[in-house]
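J.: need a structure here:
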Amino acid sequence: MVKARQSLQSHLEVDRIRRDFPILKQQIHGKPLVYLDNAATTQKPLAVIEAISRYYELENSNIHRGVHFLSEQASRHYEEARSKVTHFLNAAHDHEIVFVRGATEGINLVAQSYGRKFIKPGDEIILTEMEHHSNIVPWQILCEQVGARLRIVPINEKGELLLDEYAKLLNERTGLVSVGHVSNALGTINPVRQIIKLAHQWNVPVLVDGAQAVPHLKVDVQELDCDFYVFSGHKLYGPTGIGVLYGKAKFLEVMPPYQGGGDMIRSVTFEKTLYNTIPFKFEAGTPHIAGGIGLGAAIDYVSGIGLDKISAYEEELLHYATDALSTVKGVNIIGTAKEKAAVLSFVMEGVHPHDIGTILDHEGVAIRTGHHCAQPVMQHFGIPASARVSMAFYNTKYELDIMTRAVQKVRAMFHHD
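T.: As a prediction, this is how the structure comes out:
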């Protein structure tokens, strides 16, 4: 255990980082909390908590409309947060960043705005077999509305996309490709740059669901050349209820509004409404102001550590956890792609994942069990559910040892071998 802690210090000063996360200090069922459910939501550093608190204590006011001091302060900090997102994704302009409630709303916005206008009867929308339900259901709804149909890229037994099959699906009827950057159920990092390049050869726009990617990988939307990119703040150590849709300006400008209301207009009469410029055209009503400011603080925090360092350290944690769990008899790891983020799903022979999760919880270990809103993945592997360990830069090898011992305890409880 001492060696593990020393190697951590050489990477990220994890002991210091952990002090920034108050929730990690508590005990669960009398045991120190080991939080390994980061793919569902990440914990929040004090910098984010304090930024949100400061807004409500000192600046609480509506934005973009007021000329008084509080409104001007809040507006400035909210728009500064947008600029931080622009820099974080390396977008070309602030007006390509639309604030939404999360990745889910971002996908729905594109489906109902771009999709309703540009996807025609008989068109095809390409998804993959490993998508989160948030990147399946909005497209099913759109297909029902406009008479389009879904085409699905299959995966292999390692949980990797079959790119040859993807290339075969692209044709003159393809209207859009929507793909997850990182699988929430498998941890697979998809070759999105190659996926985008192939689609663009057919002049097909590509949406990338980056909810599971931005906490782990450096994302450059201009380098990827994606047309849309979405992510959620709460998976990036920021608040819930705030997220981002990046869209190339040439698409956002021709897309109709997603919702009507205040702030998305230039002028309104009963005869005609003139819409605001982008991104405000897509931001009807009072936004999640504190959430936007909190997301900006989260981006500052993560950027201060460095995503390159985060990626390297989390890769080390992933290998450590994989090796450790592989020693437990009866454990079968689901998703063994060569390129993976810090997500590890597994099943145990003769034990339902919910039982694994319950027993680990009593050991203070928080993991996720179920289908992870990715039922087609479960169907592919012929399982009803899996147990998922998802790691963050504040996790340690020592915690992974605790998790592994808890899994061994599950094995001992259900099997007398």
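J.: any idea where the strands of the stretch 151-300 of the chain begin and end?
T.: With DSSP state E, counting those that start in this stretch as the criterion, the stretch 151-300 of the chain has strands at 174-180, 206-209, 228-232, 243-247, 265-268, 273-275.
J.: residues touching Arg19, list them.
T.: With contact set as C-beta atoms under 8 Å, 6 or more residues apart in numbering, Arg19 has no partners. No exception for glycine: its C-beta is placed from N, CA and C like everyone else's.
J.: same question for Ser232.
T.: Contact partners of Ser232, counting by C-beta under 8 Å, 6+ apart, are 102-104, 211, 242-243.
J.: follow-up on the earlier one: wait, which of the strands of the stretch 151-300 of the chain is closest to Gly306?
T.: Put simply, out of the strands of the stretch 151-300 of the chain the one that sits nearest Gly306 is strand 228-232, at 18.3 Å, with distance taken as C-beta to C-beta.
J.: the closest one: how far from the chain's middle?
T.: Mean C-alpha position of strand 228-232 versus that of the full chain (C-alpha atoms, centre = their mean, to the nearest Å) differs by 8 Å.
J.: could I get the average pLDDT for it?
T.: Looking at strand 228-232 alone, the average pLDDT works out to 98.
J.: that one: partners in the sheet, and parallel or antiparallel?
T.: If you go by DSSP bridges, strand 228-232 pairs up with strand 206-209 (parallel), strand 243-247 (antiparallel).
J.: ok, and what's touching the last one?
T.: Just to be clear, that refers to strand 243-247. 85, 89, 91, 96-106, 109-110, 221, 226-233, 255, 282, 295.
J.: what about it, average pLDDT?
T.: 98.
J.: ok, now the first one?
T.: Confidence over strand 206-209, taken as the mean pLDDT, stands at 98.
J.: output that strand as PDB, nothing but the C-alphas.
T.: Coordinates of the C-alpha atoms in strand 206-209 are reproduced here as PDB (Å, rounded to 0.1, in the frame of the first residue of the first chain):
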ATOM      1  CA  VAL A 206     -21.300  14.300 -37.400                       C
ATOM      2  CA  LEU A 207     -22.400  14.800 -33.800                       C
ATOM      3  CA  VAL A 208     -20.000  13.500 -31.100                       C
ATOM      4  CA  ASP A 209     -21.400  12.700 -27.700                       C
END
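J.: after the lowest-mean-pLDDT helix or strand in the chain, next one along is what?
T.: Of the helices and strands making up the chain, the lowest-confidence element is helix 2-12, at a mean of 46, by mean pLDDT, DSSP states H and E. Next helix or strand after helix 2-12 toward the C-terminus (DSSP states H and E): helix 14-18.
J.: and that following helix, what's its mean pLDDT?
T.: For helix 14-18, mean pLDDT is 95.
J.: distance from it to the middle of the chain?
T.: Put simply, helix 14-18 sits 23 Å off its chain's centre (C-alpha atoms, centre = their mean).
J.: show me what that helix is packed up against.
T.: Counting contacts by 3 or more C-beta pairs under 8 Å, 6 or more residues apart in numbering; DSSP states H and E, helix 14-18 is packed against helix 2-12.
J.: got a list of what the residue nearest to the spatial centre of the chain touches?
T.: In the chain, the C-alpha closest to the average C-alpha coordinate belongs to Ala211, at a distance of 1.4 Å (C-alpha atoms, centre = their mean). Under the criterion of C-beta under 8 Å, 6+ apart, the neighbours of Ala211 are 102-103, 132, 134, 180, 184, 230-232, 235.
J.: thinking again about what came up before, nearest to Val347, of the strands paired with strand 228-232?
T.: When the strands paired with strand 228-232 are ranked by proximity to Val347, the top entry is strand 206-209, at 24.9 Å, counting by C-beta to C-beta.
J.: and the protein, what are its domains?
T.: Split into domains by automatic domain parsing, the chain comes to 2-44+306-414, 49-304.
J.: averaging pLDDT over each of the ones you listed, which comes out lowest?
T.: Out of the domains of the chain, the stretch the model trusts least by mean pLDDT is domain 2-44+306-414, with a mean of 93.
J.: nearest residue to Ile49 other than its sequence neighbours?
T.: Leaving aside its chain neighbours, Ile49 sits nearest to Pro22 (7.5 Å; criterion: C-beta to C-beta, 6 or more residues apart in numbering).
J.: list phi and psi for that neighbour.
T.: phi -60, psi -40 (degrees, to the nearest 10).
J.: gap between it and Gly260?
T.: As defined by C-beta to C-beta, to the nearest Å, Pro22 lies at a distance of 40 Å from Gly260.
J.: now Ala387
T.: Ala387 is 44 Å from Gly260, by C-beta to C-beta.
J.: sorry, back to before: distance to Asn171 and mean neighbour count added to the strands paired with strand 228-232, as CSV?
T.: Converted to CSV, the strands paired with strand 228-232 look like this (distance: least, C-beta to C-beta, whole Å; neighbours: other C-beta atoms under 10 Å):
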stretch, distance to Asn171, mean neighbour count
strand 206-209, 15, 27
strand 243-247, 24, 28
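J.: could I get those in JSON lines, plus columns for distance to Leu318?
T.: Listed next are the strands paired with strand 228-232 as JSON lines, based on distance: least, C-beta to C-beta, whole Å:
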{"stretch": "strand 206-209", "distance to Leu318": "21"}
{"stretch": "strand 243-247", "distance to Leu318": "25"}
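J.: now the angle from whichever strand or helix holds Glu144 to strand 174-180?
T.: Secondary structure assignment for Glu144, by DSSP H and E: helix 137-146. Between helix 137-146 and strand 174-180, the angle formed by their directions is 160 degrees, by axes from the mean of the first three to the mean of the last three C-alpha atoms, to 10 degrees.
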